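>>> Got a predicted structure plus its sequence, pasted below:
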Amino acid sequence: MAAVHQKSRGTFGSPRVHAELRAGGRHIGRKRVARLMRQQGLAARRRRRSVHTADSRHRQPVAPNVLARNFSPVQPDGAWVTDITYVWTRQGWLYR
């Protein structure tokens with residue numbers, strides 16, 4: 001079990017480890033594999049959830065990019081920048 005788990009770079013959980021062992025000719029139960037993996041501290045690495053923070057499919061007007069990534073203004077007060085704040089309301093996300 002540990003070899004199959006390690007061969008998968010830690011991504012296989014008990015169902016896939018069980019399937020690999022069965023394909024390799026081992027006769028072992030699914031619950032036994034799960035129990036033994038739990039006892040040995042073997043668990044599948046979970047994928048990171050992707051976070052979608054922007055909805056680019058909207059009908060709102062888009063402000064022009066007047067800064068054009070020139071982050072060194074020529075004079076003081078030549079460029080002001082900010083970040084968008086996301087606030088959850090009962091009607092959905094409010095972008096301010």
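Ah, there it is.

>>> so where is this structure shaky, pLDDT-wise?
Across the chain, the ranges flagged by pLDDT under 70 are 96.

>>> Tell me where it has helices.
With helices called from DSSP state H, the chain shows them at 2-7, 14-23, 30-40.

>>> List the contacts of the first one.
Residues outside helix 2-7 that contact it (Cβ atoms under 8 Å, 6 or more residues apart in numbering): 12, 17, 20-21, 37, 40, 42. From N, CA and C alone the C-beta is placed, and that goes for glycine too.

>>> among the residues you listed, which two are most distant?
The most widely separated members of the contacts of helix 2-7, counting by Cβ to Cβ, are Glu20 and Gln40 (15.7 Å).

>>> Which one's more surrounded, the two?
Comparing Glu20 with Gln40 by other Cβ atoms under 10 Å, the one with more neighbours is Glu20, at 18 against 11.

>>> a markdown table for the helices of the chain, including distance to Ser56?
What follows is the helices of the chain, written out as a markdown table (distance: least, Cβ to Cβ, whole Å):
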| stretch | distance to Ser56 |
| --- | --- |
| helix 2-7 | 40 |
| helix 14-23 | 36 |
| helix 30-40 | 42 |
